[in-house]
Each structure stands twice: as structure tokens, then as C-alpha cells.
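A.B. asks: Quick one: sequence and predicted model below, then my questions.
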Amino acid sequence: MSSQTRHWRLDGNSSTLLVIRDHAVPRLFWCGSRLHDDTELAHMLVHDDSALAFGGLDGVTPLSLFPQASTAYTGSPALNGHRNGAAFAHALHTSDIRQDENHLTIMLQDDHVNLSVELHLSLDASSDVARMSTSLTNTGNTPYTVDWLASATLPMPSSYRECLTQHGRWGLESQTHRRTIAPGRIDISNLHGRTSHEHASSLACGTAGFGDNGGDVMFAHLAWSGNFSLRIERLSNGTISLQAGVLYLPGECLLQPGETVTTPPVLFTRGNGMNQCTQRFHQHARSSILPAWTRRPRPIHANSWEALYFNHDQDALFTLIDAAASVGAERFVLDDGWFLHRRSDNAGLGDWYVDTGIYPEGLHPVVERVRQHGMQFGLWFEPEMVNPDSNLFRAHPEWTLQLAHVDTPLARNQLALDIARDEVSDYLFERITSLVHEYAIDYIKWDHNRDLVLPGDGAHARAAAQPAALYRLMARIIDACPDLEIESCAAGGARADFAVLEHTGRVWTSDNIDPIERARIQQGFLRFMPPEIMGAHVGHKTAHLTGRVTSLHTRAIVALQGQFGFELDARRLDPHDVITLQHYTQLYKRHREWLASSRYWHVPTYSKALIACGFVDEAQRQALFSVVAIGNMHPTRPGHLPLAGLVSDRFYQLTLESINLSELAPFNKIIPDWCDHAVTTTGEMLMKFGVPLPVMPPQSALLIGCHRVSDS
Ligand code: DGJ
């Protein structure tokens with residue numbers, strides 16, 4: 001290691017990032033548990049790793065924070081670009097490094113190809129979540145085309161062997177896949193023009209078999225709502241890298257002389273087991289990303305979609321509003337179908353005017369009815385879309401994303417607008433803010449129901465411009481309507497990422513509210529995103545997406561994992577159901593404040609038929625754990641569920657918080673005592689031995705409460 005080597009460290013509560021400069025571009029020498037003192041640091045620095053085997057390129061340099069082929073790096077470089085076919089090679093070197101507390105700016109330049117780069121690396125000390133982004137400037141006097149610019153290239157420990165990614169489809173988001181990090185490249189490329197159902201922009205990598213509570217694990221997330229690529233690459237020299245960035249369509253990122261492009265950030269943390277990384281991501285989202293209103297008690301939603309679909313009728317709506325209020329709703333959301341010509345999904349998108357054919361006095365009577373019950377009022381929009389059968393399209397066909405010589409395929413009979421055009425964004429701003437002001441709307445459900453396929457301005461690709469324009473539009477609306485809350489919905493959960501969440505603060509997780517499938521979807525969502533922003537509604541007895549019939553208890557217990565609400569037709573509940581639902585709404589109201597800052601634990605179960613998770617308050621005084629039987633258990637004895645996050649030497653009272661003993665009892669010849677009456681024991685017993693479970697028939701669920709007894 002040369003005497004020129006310098007280092008910079010960023011410290012968090014329990015992590016350290018150590019950047020060293022021993023070659024042209026600095027490298028991330030350490031990202032992991034906190035290094036305690038400089039003795040340890042000095043010790044690490046003498047561990048020179050410049051040994052070079054025969055048979056390869058001379059002078060191979062270790063993976064830097066901006067890998068380039070000019071340093072004999074043969075993996076995916078940080079930048080691929082050219083000037084009309086020339087200047088494809090570059091050799092950027094460090095010109096300056098500045099540290100401002102926990103923020104490091106590394107400046108690179110190449111005066112031959114006329115490019116300069118800034119790498120921004122920071123560590124949020126309280127959550128131990130780091131972020132990195134990259135800016136590239138064309139300092140030359142001809143245009144420079146960027147084909148690929150990584151937000152970050154991070155070295156993974158060479159012991160890492162597995163990665164966990166999330167994939168899905170409409171109605172089945174956040175399904176987890178584990179795979180081996182074998183030689184070569186894993187490339188998760190999303191070309192859906194939105195964050196997508198298909199691939200999440202989050203992943204976990206770690207040592208073989210890493211799990212919820214063990215293994216060396218790194219979480220990473222690209223905060224971006226458009227096309228992206230996540231790459232994990234293992235080279236024959238043992239280097240393993242994780243790279244993430246925007247996936248540009250051809251020619252889409254063209255830097256004119258003097259222009260700069262800045263990538264979205266990659267968030268990352270390295271911990272012991274996934275639960276630790278999850279808790280850090282949740283904490284970071286709460287303190288550094290989500291809008292301030294997410295810290296207020298999250299109201300219970302009642303959404304009209306599955307109760308009415310497009311069959312809007314003012315009187316029917318009044319009875320639905322009354323019924324929703326009677327079971328505890330605090331915010332009524334009028335979903336799709338309220339605006340001009342919107343009698344089905346064939347027409348109307350873009351015409352954001354109340355349909356006076358259905359609502360002769362506008363929405364005033366509806367809003368009044370909602371307010372009479374003390375509820376807030378929310379309204380559905382899908383601003384970025386237009387139906388060819390709409391006044392907007394007839395007036396401005398040129399506002400759509402389209403190409404001159406290739407037809408854009410329709411999806412749900414709709415096209416997307418080019419919201420990066422000022423006149424489009426101004427129109428949407430005017431329409432949305434006028435309605436928000438006219439009706440004092442508290443909340444918008446902002447939907448986005450189609451993929452952007454071949455998005456163009458007639459000739460050029462326009463995919464990457466859309467998310468950036470979306471964030472600007474949302475920020476402008478929020479500026480004009482500071483009390484407004486926005487939810488990110490995209491045919492369910494196809495736009496769930498930490499970039500849109502800076503403006504939205506709630507996600508409609510999925511259109512699938514069958515609790516058995518929803519439990520798995522939510523488990524995936526909660527790996528990276530906190531529970532209080534996860535829209536989780538009680539659906540109908542017969543789930544509309546799957547036809548599965550489940551009990552109200554199971555539906556409510558699963559919905560209690562997030563921001564609780566109703567997607568059902570409350571007019572059709574029988575008196576017994578009303579009482580049952582009231583129990584769960586009251587339970588949610590009692591616990592929601594501490595739940596919004598709780599630690600989430602995914603609890604491993606020994607049976608694949610059970611999904612379990614828990615929420616423990618910051619003071620470790622109370623906790624709720626839910627167990628969902630998604631299938632039939634093979635063993636006849638259900639065994640114990642080891643709880644997590646409690647204080648070992650304190651006493652906790654264990655209670656069955658769900659009121660479904662009568663559903664479970666017939667399947668148990670003997671049922672564990674605690675199901676019947678409260679039992680008190682130590683945190684250690686609950687975590688080491690666990691809670692003895694009753695026999696749980698398929699599709700049943702349990703809600704376990706733990707309260708620390710006051711003098712313990
Ligand atoms: C898709 C959303 O996910 C649903 O909840 C609903 O709002 C429909 N769009 C309305 O078209």
C-alpha cells in the first residue's frame with residue numbers, strides 16, 4: 001500500500017464506511033460494523049491486497065467506487081458512453097475529495113474526453129443507512145451520449161454467495177426469490193417505465209443461508225420510479241460487486257456541452273441478519289425520507305373501489321359512507337369513476353371534472369356526508385394517463401407518449417401523457433389543485449395503471465424524464481396544498497420506492513386483499529418499507545381477485561400489519577360482523593401510535609404453512625405478533641413461536657388479542673392456556689422457548705399481544 005494512501009471514515013451508531021485512496025479513484029474499503037478506533041484502522045490498512053496472479057492483465061486495481069476499463073477492470077463499468085461513437089474510453093482520476101461530517105464528495109475528471117464526475121457518499125448516523133449517487137458533467141463542446149451511468153458500484157464481501165430479490169405481477173407483488181451468486185452477472189432489468197410489479201428495486205445479498213436473524217447481509221435499494229438495472233457480478237478474481245442505476249433507452253440521456261446528469265441514490269446498509277437491516281431501513285425512511293404527516297396517527301380508510309367499482313350513484317354512496325363510519329372508518333376515499341364519462345375503464349381518463357350527470361351538485365353533498373361523520377375525504381386520480389376516448393385526448397393527442405412510426409400498445413384502454421412537457425404538467429396541476437381546494441380534499445390516491453412501453457416524444461425515448469417530472473409535479477402540488485396527503489398506487493404496488501415516497505408517504509400495496517396471499521405480499525413489502533405506510537385493507541369474505549373465502553378475523557389480523565382500512569362493502573355486513581370489525585378497528589386505534597415507530601421482526605417458523613411477524617414498541621413494553629396459517633401444517637403438534645425484540649429479564653403478559661378462539665377451539669382437543677386467559681412469563685422464555693401455538697386450521701390467523709407488566 002503506497003505512502004500516498006489516505007482514508008476517510010463515516011461513522012454511524014453501529015456502522016463505519018471507510019474510503020481509501022490508493023489508486024486513481026478511491027474505493028470503499030470497509031462498509032460494515034463500526035470500527036472502534038484508529039488502531040483497528042491502522043491494522044486493516046497494513047493488510048495490503050495488491051497481490052497479483054499470473055495470467056491476467058498487468059496492474060489490476062481493486063474495485064473502485066467508479067470502476068473503469070482503463071484500470072483493467074473487466075466487470076460492468078460505472079459509465080458507458082460516447083461522443084457520436086468516439087470517446088468511448090475514459091480514465092477519470094481524482095481531482096479532489098471533500099468531507100463534510102458524514103458526507104463525502106469525491107471529484108473525478110478526465111481532461112481528454114472532457115468529463116467530470118462527482119460521487120456523493122453519506123451515512124445517516126442514526127439509522128446506519130448509507131446513500132450514494134453520482135453526477136456526470138459533459139465539460140466538452142460536443143454532445144455526450146450516456147448509455148449507462150451507475151448510481152453506485154459497491155464492493156460485496158467475497159464470502160457473499162446468495163442474493164434475495166423481489167418479483168411479481170399485478171395482484172401478486174413482492175414475491176421473494178433467492179439465488180446463488182455464481183460466476184457471471186445477475187442483471188435485474190426493469191423496462192416497465194415505473195418501479196413495476198415485475199421487479200422491485202430492492203435486494204439483499206449475503207453469506208450462504210443468510211436469514212432473518214443471522215448471516216452477514218447487505219440491503220440495497222435504488223430510489224427511483226422508472227426503468228432500472230440492478231447488477232450483481234462475480235468475477236474470477238473474487239471480486240463481487242453490486243451496481244444499480246437508471247436503465248436508459250437508446251439515446252435518452254444525451255448531455256449537451258456543460259450539462260450534468262445526476263443519478264438517483266442507492267441506499268444500503270450491512271448488518272447481521274435481515275431483521276437488523278430491515279429495522280434500519282424502516283428507521284431511515286421514518287427519519288429521512290417520508291413526509292412529516294406520516295408521523296401523525298394513520299387514519300382508518302374506507303375505499304369505495306370494491307364496493308362500487310364504476311357503479312357510482314349518490315344515494316348508494318351515502319349509505320356506503322354511513323356504513324363505513326359505523327365500523328370505525330376515519331377517512332372515506334372515493335375511488336375511480338367520479339369524473340366525466342368514466343362509466344367503465346374505456347373512457348374519461350384525463351377529464352378531471354366531476355361528472356354532473358351522476359353528481360348534479362358536484363361532490364359537495366358527498367363530501368358533506370363524509371364530514372358529518374367526522375371523517376376525512378380522499379379522492380382517486382390517475383393524473384399521468386389519458387383514454388383515447390376523452391375530451392383531453394381529442395383536444396391534445398400530441399400530449400401522449402407516442403412514436404411516429406410504431407403504435408403504442410394500449411393497456412387498460414389507456415395511453416400515458418408526457419408529463420415532462422410543461423403544458424401537460426400545468427394542466428394536471430391546475431385540475432388537481434382546483435379540486436383539492438374546492439372540496440378541501442385531505443388525501444389523493446394517485447394511481448398509475450399501465451406500463452410505459454416505447455414512451456416517446458414522436459421520435460425520441462422519454463422514459464427517464466417521466467419519474468423526474470412526476471416528483472416535480474407532486475412537489476408543486478404539495479407546495480400549493482401543504483395539508484394534502486398523497487398515496488402511491490400503481491395497479492396496486494407497482495410504484496413502491498423511496499423516491500416517490502418522499503412525496504407520497506403511503507403505498508397501496510396490492511389489489512390482492514385475499515389475506516392468505518396478502519400475508520406473503522406484505523411480508524415482502526415489510527422487508528424494506530415500514531408498516532405504517534403500507535395500505536392494508538379488510539376485503540370481502542370472498543376475495544375478488546382469487547375467489548378464496550376467509551373469515552373476517554383472518555382478514556382483519558392481516559390488515560392490522562399496516563395502515564388499517566376497509567375495501568369491503570360495509571353495507572352488507574351483518575350485525576355480528578359489525579361487532580367483530582369494531583373490535584379490530586378499536587384495537588388498531590389503541591396501538592397505531594407506537595406501531596408507527598415500532599421495530600418490525602420477521603419471525604421464522606418451522607412450518608412453511610405459517611407466516612409470522614411482530615411489531616415491538618421502541619421501549620420494548622408492548623408488542624403484537626401475528627401468525628397466519630396459509631396452508632395446512634404437516635406436524636400434528638404446532639410447536640412454539642419464538643418471539644423477538646423483548647427484554648429477556650422482564651415479565652410480559654401474553655394475551656390472545658384476536659377474538660377468534662371459537663374458530664380455533666374446534667380444531668384443538670387441548671388448547672394452550674394462554675389462548676384462554678392471560679399468562680405472564682419472562683421475555684427470555686418467550687424468545688427462547690417461544691409461545692406454544694394452538695392447532696391452526698388453514699386460513700386461520702392469530703394476534704398475540706405482549707405487555708410488559710408494570711413493575712418489571
Ligand atoms: C387500480 C388500483 O390499484 C385500485 O385500487 C383501484 O383504484 C383501480 N385502479 C381503479 O381503477
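C.D. replies: Yep, it's here. Residues are numbered from 1 along each chain as shown.
A.B. asks: Could you list the contact residues of the chain toward the ligand?
C.D. replies: For the chain, the residues found near the ligand under the criterion C-beta under 6 Å from any ligand atom are 305, 335, 336, 380, 447, 449, 489, 491, 492, 508, 511. Heads up, the C-betas are built off the backbone N, CA and C, glycines and all.
A.B. asks: Show only the entries of the residues you listed found in strands.
C.D. replies: Mapping those onto strands (DSSP state E) picks out 380, 508.
A.B. asks: What residue in the stretch 51-200 of the chain comes nearest to the ligand?
C.D. replies: Among the residues of the stretch 51-200 of the chain, residue 170 lies closest to the ligand, at 8.6 Å counting by C-beta to the nearest ligand atom.
A.B. asks: Who are the contact partners of that residue?
C.D. replies: 197, 491, 492, 494, 511 (C-beta atoms under 8 Å, 6 or more residues apart in numbering).
A.B. asks: Just give the closest residue to the last one, not the sequence neighbours.
C.D. replies: Counting by C-beta to C-beta, 6 or more residues apart in numbering, the nearest residue to residue 511 once its immediate chain neighbours are dropped is residue 492, at 4.1 Å.
A.B. asks: Is the one you found in contact with residue 197, as I believe?
C.D. replies: Yes. At 7.2 Å, residue 492 and residue 197 qualify as touching, with contact defined as C-beta atoms under 8 Å.
A.B. asks: who touches both of those two?
C.D. replies: 170, 173.
A.B. asks: between the contacts of residue 170, which has the most around it?
C.D. replies: Neighbour tally across the contacts of residue 170 (other C-beta atoms under 10 Å): the maximum, 28 neighbours, falls on residue 494.
A.B. asks: pretty sure it contacts residue 199?
C.D. replies: No. At 10.3 Å, residue 494 does not count as touching residue 199 under the criterion of C-beta under 8 Å.
A.B. asks: Show me the longest helix that occurs in the protein.
C.D. replies: Counting residues, the longest helix in the chain under DSSP state H turns out to be helix 575-595.
A.B. asks: that older thread, distance to residue 362 and pLDDT added to the residues of the chain next to the ligand, as CSV?
C.D. replies: As requested, the residues of the chain next to the ligand are arranged in CSV below (distance: C-beta to C-beta, whole Å; pLDDT from 0 to 100):
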residue, distance to residue 362, pLDDT
305, 21, 98
335, 17, 98
336, 18, 98
380, 16, 98
447, 21, 98
449, 25, 98
489, 24, 98
491, 28, 98
492, 29, 98
508, 26, 98
511, 28, 98
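A.B. asks: now, which of the residues of the chain next to the ligand sits nearest the ligand?
C.D. replies: For the residues of the chain next to the ligand, the minimum distance to the ligand (C-beta to the nearest ligand atom) is 3.5 Å, reached by residue 336.
A.B. asks: partner residues bridging the closest residue in space to that closest one that isn't next to it in sequence?
C.D. replies: Once flanking residues are discounted, residue 336 sits nearest to residue 380: 5.1 Å by C-beta to C-beta, 6+ apart. When bridges are called by DSSP bridges, residue 380 pairs up with residue 445.
A.B. asks: in the sheet, who's paired with the closest residue to the ligand within the stretch 601-712 of the chain?
C.D. replies: Relative to the ligand, the nearest point of the stretch 601-712 of the chain is residue 628 (22.1 Å; C-beta to the nearest ligand atom). Taking DSSP bridges as the rule, residue 628 bridges to residue 611, residue 701.
A.B. asks: contacting residues for residue 312?
C.D. replies: Applying C-beta under 8 Å, 6+ apart, we find residue 312 in contact with 337, 338, 355, 358, 359.
A.B. asks: so which of those comes closest to the ligand?
C.D. replies: The closest of the contacts of residue 312, once distances to the ligand are taken by C-beta to the nearest ligand atom, is residue 337, at 7.8 Å.
A.B. asks: Need the per-residue pLDDT for that closest one.
C.D. replies: Residue 337 carries a pLDDT value of 98.
A.B. asks: Does it touch residue 313 like I think?
C.D. replies: No. Counting by C-beta under 8 Å, residue 337 does not reach residue 313; the two are 10.1 Å apart.
A.B. asks: Okay, and residue 341 sits in which element?
C.D. replies: Per DSSP states H and E: residue 341 is located in neither a helix nor a strand.
A.B. asks: what's the answer for residue 356, then?
C.D. replies: Assigned by DSSP H and E, residue 356 falls within no helix or strand.
A.B. asks: and the residue nearest to it when sequence neighbours are not counted, how many neighbours does it have?
C.D. replies: Nearest residue to residue 356, sequence neighbours excluded (C-beta to C-beta, 6+ apart): residue 362, at 6.9 Å. Around residue 362 there are 16 other residues, counting by other C-beta under 10 Å.
A.B. asks: right, and residue 362 touches residue 368 too?
C.D. replies: No. When contacts are counted by C-beta under 8 Å, residue 362 is not listed as touching residue 368 (10.8 Å).
A.B. asks: what residues do these two have in common as contacts?
C.D. replies: Counting by C-beta under 8 Å, 6+ apart, residue 362 and residue 368 have no shared contacts at all.
A.B. asks: The spatially closest residue to residue 496 that is not a sequence neighbour: what's it in contact with?
C.D. replies: Spatial nearest neighbour of residue 496, excluding adjacent residues (C-beta to C-beta, 6+ apart): residue 507 at 4.6 Å. Residues in contact with residue 507, defined by C-beta under 8 Å, 6+ apart, are 487, 488, 489, 493, 495, 496, 501, 525, 529, 533, 534, 535.
A.B. asks: For these, could you give me CSV that also reports secondary structure and neighbour count?
C.D. replies: Compiled in CSV, these are given as follows (DSSP: H, G, I helix; E, B strand; the rest coil; neighbours: other C-beta atoms under 10 Å):
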residue, secondary structure, neighbour count
487, strand, 21
488, strand, 28
489, coil, 28
493, strand, 31
495, coil, 26
496, coil, 31
501, helix, 23
525, helix, 28
529, coil, 30
533, helix, 27
534, strand, 23
535, strand, 26
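A.B. asks: For the ligand, state which of these is nearest.
C.D. replies: Distances from the ligand to those, taken as C-beta to the nearest ligand atom, are shortest for residue 489 (5.0 Å).
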